[in-house]
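Trainee: coordinates only, no sequence provided:
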């Protein structure tokens, strides 16, 4: 979703415009008065369901506890670390808290928000994820924090999670993702050296690992029966053995990105990859053609025949 789309979605549903130059407290008090005290011509009171408080210099959000009808809230780019006032906003569906000072989820109210489906705390000060929950949460964005481990993301607290964004953190392994319903996992720009625990992600469709430190693809599992897109661009993969590992997900994999690895610079790399992955439709952003598939198959047959000839003429001990 673009910034312009988000801005459009988060416009307050009222015809009155905020007056420029007001302090944060006066601004919130005015909105609170509108919600609780005024009636329109039909006798119905105003109720904000969308509120944009982006870049307001907020350090405290206690007055928000009265906005009980809010469903969409943008409080990004402020100076907030305590989000406990959100506990009263039980109708929330969508919260964007990017660019604040959140350090931990323990003691915060997000697990109590039973309807919350979309949550973003990119570019905060998080180092751990323990304490995070939400029975309806489907999308979680924690990009650009300092998270070092995924221990604490517990399935019974996140049964509905489908998309998880963890780009630009400090992860060294994929271990700890016990989220069986997860479909999309974005782990680019971490320090990941090992693929571990992926056998638990049986419904994963997208795995994005660009710009990490992987030397092999060991850890991909046949249990990943739904994996269709894998991006490992910009890693350290150099051995053809990595392609044999890919065979474990070869029956479902349709798109693969291996650019900017040493392996991608070897002769006949593209044909070799295609020969190992029969269902592949796209390699390094380019479609796999029928001609390439035919050529790759022919190359494999020739190599096999050459191997058989060598075995036949090799001297026996």
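Mentor: Everything's here; your move. Everything numeric here is computed off the predicted structure, so don't read it as measured data.

Trainee: and residue 62, how far is that from residue 100?
Mentor: Here the criterion is C-beta to C-beta, to the nearest Å. By it, residue 62 lies 15 Å from residue 100. Yep, even glycine has a C-beta here, placed from its N, CA and C like the rest.

Trainee: ok, the two, which is more surrounded?
Mentor: residue 100 (22 against 11; other C-beta atoms under 10 Å).

Trainee: surely that one is within a helix?
Mentor: No - assessed by DSSP: H, G, I helix; E, B strand; the rest coil, residue 100 does not belong to a helix; its assignment is coil.

Trainee: who are the contact partners of it?
Mentor: Residues in contact with residue 100 (C-beta atoms under 8 Å, 6 or more residues apart in numbering) are 75-81, 121, 124.

Trainee: pull out the buried residues from stretch 194-202.
Mentor: Of all the residues in stretch 194-202, those buried under the rule 16 or more other C-beta atoms under 10 Å are 194-198, 200-201.

Trainee: same thing with stretch 267-276?
Mentor: Residues of stretch 267-276 classed as buried under the neighbour-count rule (16+ other C-beta under 10 Å) are 269-276.

Trainee: pLDDT added to those, as a markdown table?
Mentor: Formatted as a markdown table, the buried residues of stretch 267-276 follow (pLDDT from 0 to 100):
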| residue | pLDDT |
| --- | --- |
| 269 | 87 |
| 270 | 90 |
| 271 | 88 |
| 272 | 86 |
| 273 | 89 |
| 274 | 90 |
| 275 | 87 |
| 276 | 85 |
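
Trainee: so which of the buried residues of stretch 194-202 comes closest to residue 139?
Mentor: residue 201 (16.3 Å; C-beta to C-beta).

Trainee: per-residue confidence at the residue nearest to that closest one when sequence neighbours are not counted?
Mentor: Excluding its sequence neighbours, the residue lying closest to residue 201 (C-beta to C-beta, 6 or more residues apart in numbering) is residue 182, at 5.7 Å. pLDDT, residue 182: 96.

Trainee: same question, residue 15
Mentor: 34.

Trainee: same question, residue 12
Mentor: Residue 12 is assigned 38 on the pLDDT scale.

Trainee: ok, the nearest residue to residue 176 once chain neighbours are set aside - contacts?
Mentor: Excluding its sequence neighbours, the residue lying closest to residue 176 (C-beta to C-beta, 6+ apart) is residue 150, at 3.3 Å. Going by C-beta under 8 Å, 6+ apart, residue 150 touches 129, 166, 171, 174-177.

Trainee: re earlier: including secondary structure and distance to residue 91, could the buried residues of stretch 267-276 go into CSV?
Mentor: As requested, the buried residues of stretch 267-276 are arranged in CSV below (DSSP: H, G, I helix; E, B strand; the rest coil; distance: C-beta to C-beta, whole Å):
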residue, secondary structure, distance to residue 91
269, helix, 53
270, helix, 52
271, helix, 56
272, helix, 55
273, helix, 49
274, helix, 51
275, helix, 54
276, helix, 51
